[in-house]
Every structure is written in structure tokens, then in C-alpha cells.
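Peer 1: sequence first, predicted coordinates after that:
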Amino acid sequence: MSPPCSVDHLNHPLPMPDHSSPKSPSSIALVPVDPAIENYMRGLLGLTDAPVLHEMEALAARRNFPIVGRLVGVFLESLAKSVNARRVFEFGSGYGYSAYWFAKAVGPEGRVVCTDGDPHNLEQAERFLQTAGLWDRIDFHTGFAQDIFARTDGLFDICYNDVDKGGYPEVWRLAKDRIRPGGLYIADNVLWHGRVAVEEFTDVAPGWTEAIREHNALIFDDPEFDAYINPTRDGVIVARKKTG
Ligand SMILES: C[S@@+](CC[C@H](N)C(=O)[O-])C[C@H]1O[C@@H](n2cnc3c(N)ncnc32)[C@H](O)[C@@H]1O
């Protein structure tokens with residue numbers, strides 16, 4: 001068994017690893033994909049550029065607000081298109097950056113149900129997504145996402161989880177039975193900047209790393225789903241509900 005190491009940084013943005021000197025166990029930072037490789041991949045996405053995206057990304061950088069970013073955004077759109085998604089539920093929408101990608105994918109007849117606890121995020125989302133011409137595909141609710149989900153009827157093609165990390169197991173348990181066969185459960189931050197993989201770490205809030213580990217294990221142990229973690233940025237889990 002390899003010796004324990006630790007992750008002692010907090011949240012976004014990802015720190016650059018320092019390879020200049022040997023590291024003591026207490027200062028090792030795990031970055032799933034080397035930032036140079038992510039920068040290269042990001043450089044390939046010029047065709048996805050839109051002024052409103054730059055505005056949303058600049059706001060995230062200014063406020064240190066954890067949006068999924070361009071690489072994961074493109075991944076979400078591609079996943080949604082690949083299952084012909086028309087109805088998406090987002091747990092934790094912030095000001096609509098991830099919803100931008102889902103809304104593009106679902107088309108003019110589709111709907112993305114957005115949720116966030118902060119009413120200011122709704123105002124910003126409306127402004128950004130109006131500008132993008134996507135607001136008419138959005139139902140944005142403010143409040144506790146798990147409660148809003150319980151009050152919303154029907155099955156979804158995709159349930160996307162990006163709430164506070166302590167809520168991850170609960171969201172999975174709620175969502176898994178409301179995804180149609182062949183549909184997807186997707187969650188961001190499932191590697192939690194490497195904390196899930198090490199024995200010693202400083203967490204953002206008590207119990208969040210343990211909650212993410214529980215969440216990931218529940219998904220991979222569920223015989224109704226096929227699951228995979230894309231290590232891009234902070235790790236995105238994709239679990240497809242089996243059809244037979
Ligand atoms: C990581 S950010 C979401 C980012 C967004 N998915 C994106 O990539 O653009 C998490 C957001 O979820 C909200 N949030 C966290 N837990 C929540 C919950 N249980 N119910 C509703 N909103 C929640 C926070 O207010 C925050 O705006």
C-alpha cells in the first residue's frame with residue numbers, strides 16, 4: 001500500500017503542481033489531469049466561443065465562483081445530445097453556466113429545470129441566458145434543490161448534481177429512480193481535488209469528502225447503472241441507467 005499523502009488546498013481554481021523539489025506528504029496536491037493538458041484541450045474549443053460565455057467565465061474568475069468551466073460544459077452538452085435529452089434537472093445551478101450547455105443541447109422544445117438557493121443567481125442567470133437566447137428553455141426555481149425536485153413530477157433524461165457536497169448521497173438516492181432507462185445521472189467534483197483518494201486532507205466543510213466517497217461507491221455498486229468518472233478538471237461522474 002502506498003504511504004498516505006494529503007491535500008491541503010481548498011476549492012477552485014486548481015493549483016499548479018510544483019515539481020521543483022521533493023514533497024513532504026503534507027504538501028502533495030493531486031491534480032487529476034495536468035493543467036498543461038487541460039490548457040491544450042481548452043485551446044481546441046474556439047468554435048464554442050460566445051461573448052456571453054466569456055462574460056460568465058470572467059464573473060466566475062472574479063468572484064472565485066465554481067462553475068464547471070468550458071471543458072466540462074462542452075462535455076455536458078455532448079452527453080445530453082448523445083442521449084437525445086429533452087428534460088434535464090439541475091441540482092445547484094449557480095448563475096446558469098452549466099445550464100447554458102444543457103439548454104443548447106435540449107433544443108427549442110426541451111426544458112432545463114434549474115435550482116439554486118440564492119435568488120441573486122436567478123437574476124444573473126436570467127440576464128445571461130436571455131442574452132444567449134436560451135432563457136425560454138429554462139424553469140429556474142430558488143430554494144433547496146432536493147425539495148424542489150420532490151415537488152417536480154415525472155422522469156428526466158438527465159439529473160445533474162452540483163449542490164453542496166454533503167448532499168451528494170441524498171441527491172443520488174432521490175434522482176436514481178427518476179431517470180428514464182438510457183438516461184444519465186451526472187455529478188461534478190467527484191474527485192474533490194484528489195481528497196477522495198488520500199488518507200489525510202483538509203476539507204472545505206466537515207464530512208464533504210466522506211459524502212462524495214459514499215456517493216461514488218453507491219453509484220458504482222448500483223446494478224441498475226453503468227458508471228464512469230471523467231477526470232477532467234475536478235472529476236465528472238456519468239452513470240447511465242440500463243435499459244434492460
Ligand atoms: C458549484 S455551484 C453550481 C455551479 C453550476 N452548476 C455551474 O457549473 O455553473 C453550486 C450552487 O449550488 C447552490 N446550492 C448548493 N447546495 C444547494 C442545494 N442543496 N439546493 C439549492 N442550491 C444549492 C449554491 O448556491 C451554488 O450557487
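Peer 2: In hand now; what should we look at?
Peer 1: next to the ligand, which bits of the protein? Give me the list.
Peer 2: Within reach of the ligand by Cβ under 6 Å from any ligand atom, the chain has these residues: 66-68, 92-94, 97-98, 115-118, 121, 144-146, 162-164, 167. In this view, the C-beta of every residue, glycine as well, is placed from N, C-alpha and C.
Peer 1: now the residues you listed: which count as buried?
Peer 2: 66-68, 92-94, 97-98, 115-116, 121, 145-146, 162-163, 167 (16 or more other Cβ atoms under 10 Å).
Peer 1: filter the residues of the chain next to the ligand down to just the ones in strands.
Peer 2: 115-116 (DSSP state E).
Peer 1: report pLDDT for the residue nearest the centre of the chain.
Peer 2: By Cα atoms, centre = their mean, the mean C-alpha position of the chain lies nearest to Asp188, the distance being 2.7 Å. According to the prediction, Asp188 has pLDDT 98.
Peer 1: which ones are touching it?
Peer 2: For Asp188, the contacting residues are 68, 72, 98, 160-162, 234-236, by Cβ atoms under 8 Å, 6 or more residues apart in numbering.
Peer 1: quick one: buried residues of the lengthiest strand in the chain?
Peer 2: What stands out as the longest strand in the chain, according to DSSP E, is strand 179-188. By neighbour count on 16+ other Cβ under 10 Å, the buried set for strand 179-188 is 179-180, 183-188.
Peer 1: how near is the closest residue to Ala60 other than its chain neighbours to Val163?
Peer 2: Of all residues beyond its chain neighbours, the one nearest Ala60 is Ile67 (4.4 Å), with distances taken as Cβ to Cβ, 6 or more residues apart in numbering. In this structure, Ile67 lies at 14 Å from Val163, with Cβ to Cβ, to the nearest Å as the measure.
Peer 1: so what strands line up beside the longest strand of the chain?
Peer 2: Using DSSP bridges, strand 179-188 pairs in its sheet with strand 156-161 (parallel), strand 236-241 (antiparallel).
Peer 1: one step back: which one of the buried ones among the residues of the chain next to the ligand is nearest Arg86?
Peer 2: Ser98 (17.1 Å; Cβ to Cβ).
Peer 1: which ones are touching the closest one?
Peer 2: Ser98 neighbours (Cβ under 8 Å, 6+ apart): 67-68, 72-73, 76, 90, 160, 162, 188.
Peer 1: redo that, cut-off 7 Å
Peer 2: The contact partners of Ser98, by Cβ atoms under 7 Å, 6 or more residues apart in numbering, come to 68, 73, 76, 90, 160, 162.
Peer 1: and if you look at Asn216?
Peer 2: Asn216 sits in contact with 190, 196, 237, where contact means Cβ under 7 Å, 6+ apart.
Peer 1: could you dump those to a markdown table with distance to Glu57 and neighbour count?
Peer 2: Below are those laid out as a markdown table (distance: Cβ to Cβ, whole Å; neighbours: other Cβ atoms under 10 Å):
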| residue | distance to Glu57 | neighbour count |
| --- | --- | --- |
| Val190 | 22 | 24 |
| Val196 | 26 | 20 |
| Ile237 | 23 | 24 |
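Peer 1: so of the buried ones among the residues of the chain next to the ligand, which ones are in helices?
Peer 2: Here DSSP state H is the test, and these give 97-98, 121, 145-146 as lying in helices.
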